[in-house]
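> need a structure here:
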Amino acid sequence: MKRKFSKFVFLGFFFLAACTTAPTADSFVAQGKEVAKEKKYEEALAFYEKALAVESNNASALFNAGVACAKLARNDKALEYFNALLEPKKVGRHDYYADTHYNIASIKLAQDKYKEAIDAALPSRPYTEDLIKKALEKLKKTGFQYSPDVQVPTPITIPYPDDRKPFADADEAKKNIGVTDTESTQTKIRLNLVAIIDHQGIVRTSKCDKKVHVVYDKGLTSFDSTALCEYVSDQIKKITFIPAYDFIWDAPAASVTYFDITFEANATVSVSWNSIAGAAEKGPAIKTTDSNDSSSGEKAPVWGALHRQSIDHVIKQRLNRIRWCYEKELNKDRKLAGKIVVKFTISKTGEVSSAETFASTMNNATVESCVNQRIEEMLFPIPAGNGIVIVTYPFIFKHAD
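Down below sits the predicted model:
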């Protein structure tokens with residue numbers, strides 16, 4: 001009986017040993033966060049480093065290690081940890097991107113590296129807007145006049161047209177939908193214009209949405225006015241802007257700028273705008289194909305460069321129009337869904353020279369054709385290198401019941 005008891009005890013010990021597991025990276029991170037609450041950053045950092053020894057690409061460990069190093073004034077080491085979080089191929093997807101950009105920008109600002117601070121902050125704008133403003137204020141004291149956005153030396157003023165034809169057209173548009181002047185006395189006319197402003201601040205290309213909106217106190221309607229669009233375009237082209245600045249290449253950059261122009265009933269005109277900076281003129285070297293002869297006998301294209309965020313920004317500004325392509329067909333087929341990949345070419349002027357469906361699971365030619373048309377209407381920043389940019393861009397359409 002005694003030998004059996006000993007054997008039982010031994011087996012029980014073996015079972016307990018087998019159930020003991022090594023600490024995980026997440027458990028080390030949790031311990032680090034606990035001591036960090038007590039501002040014991042050195043101890044916290046030790047836990048985060050243990051976590052990284054177990055799992056070198058643990059995003060939480062990298063982020064918190066960076067914070068601990070920053071608290072300990074070890075900024076160079078903090079930047080190492082934060083920069084590692086911006087390598088998705090190594091770390092994968094995580095929720096620390098905005099905070100990481102903010103922290104890198106904060107460190108650069110504290111180091112008086114103002115341009116680098118802005119460069120770090122821009123991808124997470126507007127979350128980092130306060131840091132961008134602080135850095136720009138510091139730069140302006142050194143005589144630096146630029147910003148990530150297009151600026152004007154003086155407020156934009158557009159003379160009111162000599163005749164009141166726009167409002168006559170607006171009144172006619174209201175009558176067409178059964179609105180009389182007695183029902184509506186307050187009227188505004190709004191139109192949208194998009195322009196490419198080059199690295200010297202000169203308007204090179206502009207497009208106006210000829211569908212002019214009539215805003216009155218009880219509703220909204222619209223009318224077509226090519227003449228008013230041309231008038232506004234001519235007025236905008238007379239202005240010399242302070243160009244946007246490319247903080248990656250440290251040089252002025254061309255940009256796409258969206259204008260919202262409002263004609264008031266009291267004969268005043270107000271203008272607001274926002275811009276999307278592209279690549280600077282001194283951006284990446286021009287890359288050409290190996291031969292100047294193509295199968296058609298024409299010269300091979302010259303390749304330009306655009307920042308991905310510039311392309312994303314332009315498309316997101318016009319996403320409602322692309323969504324409309326899907327929604328109008330969704331009314332006919334409530335099960336309609338799928339992915340459309342559009343391949344399009346941005347010319348050296350920033351205009352889209354061609355757009356076609358590269359791949360699609362939508363199986364709806366009407367939606368595909370409409371999306372391609374919306375892409376062709378867009379204006380992008382002028383590519384660096386005076387060349388073209390070929391883009392493949394996916395759109396996923398799904399109806400949420």
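> can you give the domain ranges for the protein?
Following automatic domain parsing, the chain resolves into domains at 25-140, 165-280, 287-397.
> scan this protein for its longest strand.
The longest strand of the chain (DSSP state E) is strand 251-264.
> quick one: strands adjacent to that one?
Strand 251-264 has its sheet partners listed here by DSSP bridges as strand 187-197 (antiparallel), strand 244-246 (antiparallel), strand 269-280 (antiparallel).
> which parts of that strand are buried?
Within strand 251-264, the residues that count as buried by 16 or more other CB atoms under 10 Å are 251-259, 261, 263. Backbone N, C-alpha and C define where each C-beta goes, glycine included.
> least confident of the strands paired with strand 251-264, on average?
When the strands paired with strand 251-264 are ranked by mean pLDDT, strand 269-280 comes last with a mean of 76.
> name the helices or strands packed onto the particular helix or strand that has S310 in it?
Assigned by DSSP states H and E, S310 belongs to helix 308-317. Other elements packing on helix 308-317 under the criterion 3 or more CB pairs under 8 Å, 6 or more residues apart in numbering; DSSP states H and E are strand 251-264, strand 269-280, strand 389-397.
> pull the CA atoms of the longest one into CSV?
This file holds the C-alpha atoms of strand 251-264, laid out as CSV (Å, rounded to 0.1, in the frame of the first residue of the first chain):
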residue,chain,number,x,y,z
ALA,A,251,9.5,71.4,-51.0
PRO,A,252,6.4,73.2,-52.4
ALA,A,253,3.9,70.8,-54.0
ALA,A,254,1.1,70.8,-56.5
SER,A,255,-2.3,70.1,-55.0
VAL,A,256,-5.9,69.5,-55.7
THR,A,257,-8.1,72.2,-54.2
TYR,A,258,-11.9,72.1,-53.8
PHE,A,259,-13.7,75.4,-53.7
ASP,A,260,-17.2,76.0,-52.4
ILE,A,261,-18.5,79.3,-53.8
THR,A,262,-21.7,80.9,-52.6
PHE,A,263,-23.5,83.8,-54.3
GLU,A,264,-25.7,85.7,-51.7
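> same question for that strand, mean pLDDT?
Taken as a whole, strand 251-264 carries a mean pLDDT of 85.
> need the strands for this protein, in chain order.
Counting by DSSP E, the chain has strands at residues 187-197, 203-208, 211-216, 219-224, 244-246, 251-264, 269-280, 287-288, 302-303, 338-346, 352-360, 389-397.
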